[in-house]
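K.L.:
Pasting the sequence and the predicted model now:
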Amino acid sequence: LANDIGITTTGAINLGDLDGANGLTLDAGTTVDLADGDIGSLEVKGGTTVTFAGQLAALDFVNVHNATSLAVSGAINAGGAVTLNVPTVGITGTVGGDSVSVTGATAINLSGNVNAKNGNAAFNSAATLTGNSVVSSASGDVTFTADVSGAKTLEVDAPAGKADFQSTVGNSPALTGLTV
């Protein structure tokens, strides 16, 4: 990306390898599919299904909102904040950023790793473990504001902060393991 770029369409957006230190803003009427990339920042402002299947690195923020669902099977690695705010969020890969905030009003399905490097890692809706998962923050807190369930293991690491469970942990089905 030689310059900041915005793409708006009533159709789909499918992008392969991306490169450049500038920002990318996407707004699709249907799907957004992203493969590998090394860019300045990313904002996805709409779409039915947003998919990160490759390795996406951003120097600054990654923000996904106003979509219907989000699937991260690859990796998101941001130098700034990562904000994922869509009704249904599925993370089977890795999400990392300076801070990470995940909100899924309908569902958060977690079977991967989430890491906040300097800030907090926050799950702002109920999370269901669909696979063994690790959520960590090197310098901040890890917070679950709603129920955490699923017959899988959860490891929470917050060596410089605290692990804060603000609702029920292991509510049908029970977790098979919890390490804090």
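P.N.:
Thanks, I have the structure now. All figures in this text were calculated on a predicted structure; none of them were measured in a lab.
K.L.:
How confident is the prediction for N171, by pLDDT?
P.N.:
pLDDT, N171: 82.
K.L.:
What pairs with the longest strand anywhere in the chain, parallel or antiparallel?
P.N.:
In the chain, with assignment by DSSP state E, the single longest strand is strand 37-52. Partner strands for strand 37-52, per DSSP bridges, with pairing direction: strand 18-27 (parallel), strand 32-34 (parallel), strand 55-58 (parallel), strand 62-65 (parallel), strand 67-72 (parallel).
K.L.:
just checking, Q166 touches T145?
P.N.:
Yes. The criterion here is CB atoms under 8 Å, and Q166 meets it with T145 at 4.9 Å. C-beta: built from backbone N, CA, C; applies to glycine.
K.L.:
out of those two, which sits in the more crowded spot?
P.N.:
For Q166 versus T145, the count of surrounding residues by other CB atoms under 10 Å is larger for T145: 15 against 11.
K.L.:
Now for the more buried one: which residues touch it?
P.N.:
For T145, the contacting residues are A122, F123, N124, S125, Q166, S167, taking CB atoms under 8 Å, 6 or more residues apart in numbering as the criterion.
K.L.:
Could you measure from it over to N109?
P.N.:
17 Å (CB to CB, to the nearest Å).
K.L.:
Setting aside sequence neighbours, what's the nearest residue to D38?
P.N.:
Ranked by CB to CB, 6 or more residues apart in numbering and with sequence neighbours excluded, the top spatial neighbour of D38 is A57, at 4.7 Å.
K.L.:
For that neighbour, which residues are in contact?
P.N.:
When contacts are counted by CB under 8 Å, 6+ apart, A57 touches G37, D38, I39, N77, A78.
K.L.:
G170 too?
P.N.:
The neighbours of G170, taking CB under 8 Å, 6+ apart as the test, are V148, S149, L178.
K.L.:
Identify those among those residues that sit within strands.
P.N.:
V148, S149, L178.
K.L.:
Can you give me the pLDDT of the first one?
P.N.:
Model confidence at V148, expressed as pLDDT, equals 97.
K.L.:
That one: neighbouring residues, count only.
P.N.:
The number of residues packed near V148 is 24, by other CB under 10 Å.
K.L.:
same thing with the second one?
P.N.:
When counting by other CB under 10 Å, one arrives at 18 neighbours for S149.
K.L.:
Turn the contacts of A57 into CSV, columns for pLDDT.
P.N.:
CSV is the format used below for those (pLDDT from 0 to 100):
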residue, pLDDT
G37, 95
D38, 97
I39, 98
N77, 98
A78, 98
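K.L.:
and which of those residues is nearest N85?
P.N.:
For these, the closest approach to N85 (CB to CB) belongs to A78, at 14.7 Å.
K.L.:
wait, the closest one sits on T94?
P.N.:
No. Taking contacts as CB under 8 Å, A78 lies outside contact range of T94: 11.4 Å.
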